[in-house]
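*Asks:* 3D, please:
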Amino acid sequence: MNLRSLRRHLPGTNIGSFAQIRFRNTMIALQRCKVLPVGCTAKHMNTDDLEARLQGGVETQSLDVKVSCAWNAETMAKDVLAMSNVQDGGCIVIGVTDAFERQGIEAGHKATYNIDIMKDQMAGYAEPHVDFNVTFPVDRAGREYVAIEVFPFVEQPVICRRDGREVRAGVVYYRNRSGRPQSAAVSNALDMREIVTTAAVRMMQWLSRRGLTSVQPDSERQLRENLAAEREGL
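*Replies:* Residues are numbered from 1 along each chain as shown. Next up is the predicted model:
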């Protein structure tokens, strides 16, 4: 992946000279590092997983909560797209207020979370496709929730492919870290650098899996540490 291909995959995003320097040094670092092929496997969230997610009582880059509501692709698309561009993906828990009051999912709302319908609808918003899993975990008090586990992109960042109620075609969405975590269009160099670095790592992993590079596998964590070292002093 080079700057030209990055621009092609991130239309509408302004990549200035600062980001170009970062990307160039990232690619140099990748040539010196080792990568490990990655993949996503579906996991059914259980009670312990749910409690671990909610115990902090605050939303994070990888956690978003919503009160009980029916599935609506127009209002959920931005959050799903944003979490797909986070390094490790994220989770949307339905049945919790913004104040983290646990209410659970209403039976009528739960029935609307059909994974096949949801994926068909999200396919119209994402390029390339976004992958996610839906489960219905129960907390220790017996309340049931909807958990949408969004997997990170595999090879290329996910962009919005069409206009919607809260999204615009050609825009890259991300869970920004400036202030309260929220799903929004990429608007600063820090978030863009994270996405670019992840994309470069995933591209090298893709090449490695297909035997198209002599780089040998290693952990993504080690790769990122090496990239961070390369960026020092810029």
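*Asks:* can you classify the spatially closest residue to Glu166 that is not a sequence neighbour as helix, strand or coil?
*Replies:* In this structure, Glu166 finds its nearest non-sequential neighbour in Lys78, 4.8 Å apart by Cβ to Cβ, 6 or more residues apart in numbering. Where you see a C-beta, it was placed from the backbone N, CA and C, and this is true even at glycine. Judged by DSSP: H, G, I helix; E, B strand; the rest coil, the three-state class of Lys78 is helix.
*Asks:* pLDDT weak spots in this protein?
*Replies:* 1-43, 212-234 (pLDDT under 70).
*Asks:* I'd guessed Ala70 sits against Asn114; true?
*Replies:* No: Ala70 is beyond contact range of Asn114, at 11.1 Å (criterion: Cβ atoms under 8 Å).
*Asks:* which secondary structure elements does the longest helix anywhere in the chain sit against?
*Replies:* When the chain is parsed with DSSP state H, its longest helix is helix 189-209. If you count contacts as 3 or more Cβ pairs under 8 Å, 6 or more residues apart in numbering; DSSP states H and E, helix 189-209 packs onto helix 3-9, helix 17-32, strand 173-176, helix 220-231.
*Asks:* any idea how far Ala73 is from Val172?
*Replies:* 19 Å (Cβ to Cβ, to the nearest Å).
*Asks:* the more surrounded of those two?
*Replies:* Val172 (22 against 17; other Cβ atoms under 10 Å).
*Asks:* which residues does stretch 67-77 contact?
*Replies:* For stretch 67-77, the surrounding residues in contact (Cβ atoms under 8 Å, 6 or more residues apart in numbering) are 92, 94-98, 103-106, 108-109, 112-114, 117-118, 121-122, 124-125, 148, 160, 164-167.
*Asks:* among the residues you listed, which are in helices?
*Replies:* Those of these lying in helices (DSSP H): Gly108, His109, Ile117, Met118, Gln121, Met122.
*Asks:* of these - the most surrounded one?
*Replies:* In the ones in helices among the contacts of stretch 67-77, the most neighbours by other Cβ under 10 Å go to Met122, 20 neighbours.
*Asks:* wait, it sits on Val134?
*Replies:* No: checked against Cβ under 8 Å, the pair Met122 and Val134 is beyond contact range at 11.4 Å.
*Asks:* burial count for the nearest residue to Arg202 once chain neighbours are set aside?
*Replies:* Using Cβ to Cβ, 6+ apart and skipping residues adjacent in sequence, the residue nearest Arg202 is Glu155, 5.1 Å away. Counted with other Cβ under 10 Å, residues neighbouring Glu155 total 14.
*Asks:* look up phi and psi at Glu155.
*Replies:* When read as degrees, to the nearest 10, the backbone of Glu155 gives phi -130, psi -40.
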